[in-house]
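**Student:** Take this sequence and fold it.
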Amino acid sequence: MDGIINILKPPGMSSHDVVYSVRRKTRIKKVGHTGTLDPNAAGVLPICIGQATKVSNYLLEDTKAYRGELCLGITTDTQDMYGTILEKKPVNCSANDIKEAVLSFVGEYEQLPPMYSALKVNGKKLYDYAREGIELERKSRKVYIYSIDIIYIKGNKVLFDVVCSKGTYIRTLCHDIGFKLGCGGIMSFLIRTKSGVFNIEDAITIEELQEHDNVEELLKPADYPLVNLPKVEIHESQRTLVLNGNKIDSRYFMNSPELPINTLVTVYLKEQFIGLANIKSDNNNTYIKFNRLLI
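**Tutor:** Purely as a prediction, here's the structure:
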């Protein structure tokens, strides 16, 4: 069994818990998720099964979309409503002030990862250090906010939709907006509505998965989320070389894509998706070099 299943993760369940549930249902060991979603958040969590786990790292790069709620006037150690309250302040800003502050984060900005996160330092997750009362120095990272649409502002609550790059912490975005307004802020609600090509409308719950008799009917093929990558088709005569992971000369391409060197491509053999490779060149000879082989 190989493919990707679009799970609707409920709040209160870790991403690893979802992987365990899928593994138990399918009785397959090779199962992995494509990007951690906070235990208290809900939403789209694509799960790779079998050979599809070999493309999971590429799905981590996908753009994400969320609906979140910002609660102003509060600061917590976890940057959400589940942490210890560190400070409360009155919210003395107008709706226009709030809107201006929120929208100022559209574009690229330097974001400092929160201590309560799954990022690892010396093989240990940051939240494990945080639970021990240890705060480590972290490096800020460039993230990109493609868009923020404010749905409403009611008192100190702001409901919004955001589209962002991988590695963006919406908790930290809420914290940073609150800091900019001078009153503090936390994330009080979060649901991931999209991860790459996977939408919340098509996601299935853990309960629906457990009740389904044929899980394979729910799977998308491993190349489903890679549709935007260029495609290279290989001649059948090269099957043995492909199986050994050898480079394949462009003379054996069934199609003739003119692509820049190092372009990542999906590779097919008789219409079967067999892996991911990069376009390479040596002495004016173009070829592909596999970095993930699925057969």
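
**Student:** can you confirm Arg171 is in a helix?
**Tutor:** Yes. Checked against DSSP: H, G, I helix; E, B strand; the rest coil, Arg171 lies within a helix.

**Student:** now the nearest residue to it once chain neighbours are set aside: how far from Glu207?
**Tutor:** With Cβ to Cβ, 6 or more residues apart in numbering as the criterion, Arg171 has its nearest non-adjacent residue at 3.9 Å, and that residue is Gln79. C-betas here are computed from N, CA, C, even on glycine. In this view, Gln79 and Glu207 are 30 Å apart by Cβ to Cβ, to the nearest Å.

**Student:** What sits closest to Leu45 if chain neighbours are left out?
**Tutor:** Nearest non-adjacent residue to Leu45 (Cβ to Cβ, 6+ apart): Lys9, at 4.3 Å.

**Student:** okay, now that neighbour: neighbour count?
**Tutor:** Using other Cβ atoms under 10 Å, Lys9 has 26 neighbouring residues.

**Student:** how about it, what does it touch?
**Tutor:** Contacts here follow Cβ atoms under 8 Å, 6 or more residues apart in numbering; on that basis Lys9 touches 15, 18, 37, 41-45, 192, 206.

**Student:** cool, Val267 as well?
**Tutor:** 231-234, 242, 248, 273-277, 288, 290.

**Student:** What helix or strand is it located in?
**Tutor:** strand 264-269 (DSSP states H and E).

**Student:** now swap in Val22 and tell me
**Tutor:** Counting by DSSP H and E, Val22 is found in helix 15-26.

**Student:** what helices or strands is the helix or strand following that helix leaning on?
**Tutor:** Toward the C-terminal end, the helix or strand that comes next after helix 15-26 (DSSP H and E) is strand 31-33. Counting contacts by 3 or more Cβ pairs under 8 Å, 6 or more residues apart in numbering; DSSP states H and E, strand 31-33 is packed against helix 15-26, strand 42-49.

**Student:** just those: most buried one?
**Tutor:** strand 42-49 (a mean of 24; mean count of other Cβ atoms under 10 Å).

**Student:** now the helices: where do they sit in the chain?
**Tutor:** 15-26, 56-59, 95-103, 126-131, 170-181, 206-211, 239-243 (DSSP state H).

**Student:** Figure out which of the ones you listed is closest to Tyr66.
**Tutor:** helix 170-181 (5.5 Å; Cβ to Cβ).

**Student:** mind giving me the domain ranges of this structure?
**Tutor:** Per the record, the chain has its domains at 3-62+197-224, 64-195, 229-293, by automatic domain parsing.

**Student:** any idea which of the helices of the chain is most buried?
**Tutor:** When the helices of the chain are compared using mean count of other Cβ under 10 Å, helix 170-181 is most buried, at a mean of 22.

**Student:** what is the residue nearest to Leu45 paired to in the beta sheet?
**Tutor:** Gly43 (DSSP bridges).

**Student:** pLDDT wise, what is it at?
**Tutor:** On pLDDT, Lys9 comes in at 96.

**Student:** just Ser237 next, same as before
**Tutor:** pLDDT, read off for Ser237, is 89.

**Student:** Skipping its backbone neighbours, what lies nearest it in space?
**Tutor:** Tyr252 (6.8 Å).

**Student:** residues in contact with that neighbour?
**Tutor:** 234-235, 237-238.

**Student:** Report the separation between it and Lys280.
**Tutor:** For Tyr252, the distance to Lys280 - Cβ to Cβ - is 14 Å.

**Student:** Redo the helices of the chain as TSV? Include distance to Val143.
**Tutor:** Supplementary listing: the helices of the chain in TSV, determined by distance: least, Cβ to Cβ, whole Å:
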stretch	distance to Val143
helix 15-26	20
helix 56-59	18
helix 95-103	15
helix 126-131	17
helix 170-181	9
helix 206-211	29
helix 239-243	38
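
**Student:** Quick one: closest of these to Asp149.
**Tutor:** The nearest among the helices of the chain, by Cβ to Cβ, is helix 95-103 at 9.6 Å.

**Student:** Could you pull up the residues touching the residue nearest to Ile191 when sequence neighbours are not counted?
**Tutor:** Nearest residue to Ile191, sequence neighbours excluded (Cβ to Cβ, 6+ apart): Gly43, at 4.3 Å. Going by Cβ under 8 Å, 6+ apart, Gly43 touches 8-9, 37, 66, 190-193, 200, 203.

**Student:** Look at Gly275 and report its pLDDT.
**Tutor:** So, for Gly275, pLDDT stands at 91.

**Student:** so how far is Ala101 from the residue lying closest to Cys93 once chain neighbours are set aside?
**Tutor:** Residue nearest to Cys93 in three dimensions, not counting chain neighbours: Leu181, with 5.3 Å by Cβ to Cβ, 6+ apart. According to Cβ to Cβ, Leu181 stands 5 Å off from Ala101.
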